[in-house]
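K.L.:
Pasting the sequence and the predicted coordinates here, then a few questions.
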Amino acid sequence: MDFKLLANDQHSQARAGIIDTAHGQIETPIFMPVGTVGSVKAVNQQQLKDEVNAQIILGNTYHLYLRPGTEILQQAGGLHKFMGWDKPILTDSGGYQVFSLAGKRKLTEEGALFQSHIDGSRHLFSSETVMDIQRKIGADIIMAFDECPPYPSDYAYAKKSMELTHRWLARCVQHLSATEPLYGYEQSLFPIIQGSTFKDLRQVSSEFIASMNCDGNAIGGLSVGEPEEMMYEMCALCCDALPTEKPRYLMGVGTPWNILECISLGVDMFDCVMPTRNGRNGMLFTTKGVINIKNKKWATDFSPIDDGLACVNSNYYSKAYLRHLFVANELLALQIASVHNLSFYLHLVKEARLHILQGDFQSWKNEMIPVLKQRL
C-alpha cells in the first residue's frame, strides 16, 4: 500500500491524498460503506460501483468467520471473488463485535473467548487467529485485534484495556510478519488507538501505535456514546500525534457533520452503518438537510429525492413515491433509501476533497454544516 498526500488545507488540518492498493486507488478523504457479511445491506455491488461510486467497502472478521466461514472464503479465492467486488476491501478485526457480546464472552491475556450469537458455539479470538482469519478473507487493509472499552469507562479499566490492546498489537505484527498472504497481493495492517476519553491515555496509545510503523493507523473507541465535542477533542489529539505520511482512519463515525468536522482535524478515512441503517428506517441525508420520508408532508411532494446529487437514483424517484413505498412496506424502499444515503455520503467526501484541493475547505465546511443539520 502506498499513500501520497496531495494537498493540505491552509486553515485546518484537512488533507487530500491517494491510497494505492492491489485492487485500485482510493481518493481521500473517503467514506467506506459497511458490508458486514460481504453485503452492503439492500445495495448490490453494481449499484455500489455505478450509483454510489464507492471506492472501498468494509467486511467484518467476526461475522465472516461465523458465516460463511473461512474455509468457504478460501475455496472461493477470498472475499473479493466470493462477493464479486474487484475494488479495495477493509476488514474490521471483530474486536468491537466480540466485546459487544457482554455476557457471552470472557477476556484473557490470550484473547477473547466468546459464544456465537448465531448458535451459541464457543470460539477463541486471539491476535494470531484474527490475523489468520483476515489472511483467509483477503482484504487489502486489515485491522489489529483490540478491545474497545465502553463509554463511560473508569480510568483504571481504560488504562488496563489500552495496555492489553498494545500487547495484542505487538503479537499481531509479529504473527503477520511470520505468515504470507494467500492470494498474491500484500495486506496492510492498521493498528487501533484506544484510551477511552482520557487525554493522557490517548496520547500514550497514539505514540505507541505510531511507533509500530504500520502502513496506516486507526482511531477506535469513539462515537460509542460520548458527547460530540469530546469525540472531536480526542480525535484532534490522536491526529496531532500520528505521522502525517500515513492515512488516518476514524472507526464508526458518523453523521455527515461529524465527518466534515473530523476531516478538518486530519482524518482521511471513515465508515459507519448510519447511511444504510437510517435509510432503511426512512431517514434521508440530503444536500439540503435531513428528511424523515415517512412524514405525511411528503405524500404529495413529487420533486426528486435530492436534485443536488448527480446520482440517478436520487434524481429519478420522487419523495412522494419513496414515501409510498415505505408506507406500503415495499422492499424497494430500503434499496432506494440506502443507495441515496450512500451516494450522498460519497458525494460529501468528494466535495470535501475538491475544496481541500481548491484551498477553501474550512469556509465551505462552516457553511455546509448548518445546512446538513437542519430538519426538513
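P.N.:
Right, received. Where do you want to start? Numbers count the residues shown, from 1 in each chain.

K.L.:
Could you count how many residues lie near L242?
P.N.:
Counted with other Cβ atoms under 10 Å, the neighbours of L242 add up to 22. (Each C-beta comes from the backbone N, C-alpha and C, glycine too.)

K.L.:
can you check I137 too?
P.N.:
26.

K.L.:
tell me the mean pLDDT over stretch 275-292?
P.N.:
Here stretch 275-292 scores 98 as its mean pLDDT.

K.L.:
again, but for stretch 149-159
P.N.:
Average pLDDT, stretch 149-159: 94.

K.L.:
Which residues does that stretch contact?
P.N.:
Residues from elsewhere that reach stretch 149-159, judged by Cβ atoms under 8 Å, 6 or more residues apart in numbering: S161, M162, Q194, G195, S196, T197, F198, L201, G221, V224, G225, E226.

K.L.:
Which element is encountered next along the chain beyond the strand or helix carrying the second one?
P.N.:
Assigning secondary structure by DSSP states H and E places M162 in helix 155-177. Next along the chain after helix 155-177, taking DSSP H and E as the criterion, comes strand 188-190.

K.L.:
what's the following helix or strand after that next one?
P.N.:
Assigned by DSSP H and E, the successor of strand 188-190 is strand 192-193.

K.L.:
and the helix or strand of the chain with the lowest mean pLDDT, what other elements does it pack with?
P.N.:
Taking mean pLDDT, DSSP states H and E as the measure, the chain has helix 95-99 as its least confident helix or strand, at a mean of 76. Other helices and strands packing on helix 95-99, by 3 or more Cβ pairs under 8 Å, 6 or more residues apart in numbering; DSSP states H and E, are helix 61-66, strand 105-107, strand 111-115.

K.L.:
Please identify the most buried of the ones you listed.
P.N.:
Using mean count of other Cβ atoms under 10 Å, the stretch among the helices and strands packed on helix 95-99 with the largest mean neighbour count is helix 61-66, at a mean of 23.

K.L.:
Next, the angle from the helix holding M162 to strand 111-115.
P.N.:
100 degrees (axes from the mean of the first three to the mean of the last three Cα atoms, to 10 degrees).

K.L.:
how close does H324 sit to L334?
P.N.:
14 Å (Cβ to Cβ, to the nearest Å).

K.L.:
Which one's more surrounded, the two?
P.N.:
Taking other Cβ under 10 Å, H324 and L334 do not tie; L334 has more neighbours (20 against 15).

K.L.:
would the more buried one count as being in a helix?
P.N.:
Yes: checked against DSSP: H, G, I helix; E, B strand; the rest coil, L334 lies within a helix.

K.L.:
Just the local confidence number for it, please.
P.N.:
Model confidence at L334 (pLDDT) stands at 98.

K.L.:
quick one, what contacts the nearest residue to it once chain neighbours are set aside?
P.N.:
Counting by Cβ to Cβ, 6 or more residues apart in numbering, L334 lies nearest to A42, which is 4.3 Å off, once chain neighbours are set aside. Applying Cβ under 8 Å, 6+ apart to A42 gives the contacts T276, G279, R280, L331, L334, Q335, S338, V339.

K.L.:
do that again at 10 Å, thanks
P.N.:
Taking Cβ atoms under 10 Å, 6 or more residues apart in numbering, we find A42 in contact with 276, 279-280, 331-339, 342.

K.L.:
Then T255?
P.N.:
The contact partners of T255, taken as Cβ under 10 Å, 6+ apart, are 223, 228, 261, 272, 274-275, 278, 285, 290, 345, 369, 372-373.

K.L.:
Okay, and which of these map to helices?
P.N.:
The helices, defined by DSSP state H, take in E228, E261, M274, P275, N278, Y345, I369, L372, K373 from the contacts of T255.

K.L.:
and which of those is nearest M1?
P.N.:
Proximity of the ones in helices among the contacts of T255 to M1 (Cβ to Cβ) peaks at Y345, which lies at 23.0 Å.

K.L.:
Pretty sure that closest one sits against V40.
P.N.:
No: the criterion here is Cβ atoms under 10 Å, and Y345 misses it with V40 at 11.8 Å.

K.L.:
Can you pull the residues that touch both of those two?
P.N.:
Common contact partners of Y345 and V40 (Cβ under 10 Å, 6+ apart): P33, V52, A54, P275, T276.

K.L.:
Can you tell me the closest non-neighbouring residue to the second one?
P.N.:
The one in question is V52. L342 (4.4 Å).

K.L.:
now the residue lying farthest from the centre of the chain, nearest residue through space, not along the chain?
P.N.:
Most distant from the centre of the chain: T300, at 35.8 Å, with distances by Cα atoms, centre = their mean. Closest residue in space to T300, ignoring its immediate chain neighbours: A320 at 5.9 Å, by Cβ to Cβ, 6+ apart.
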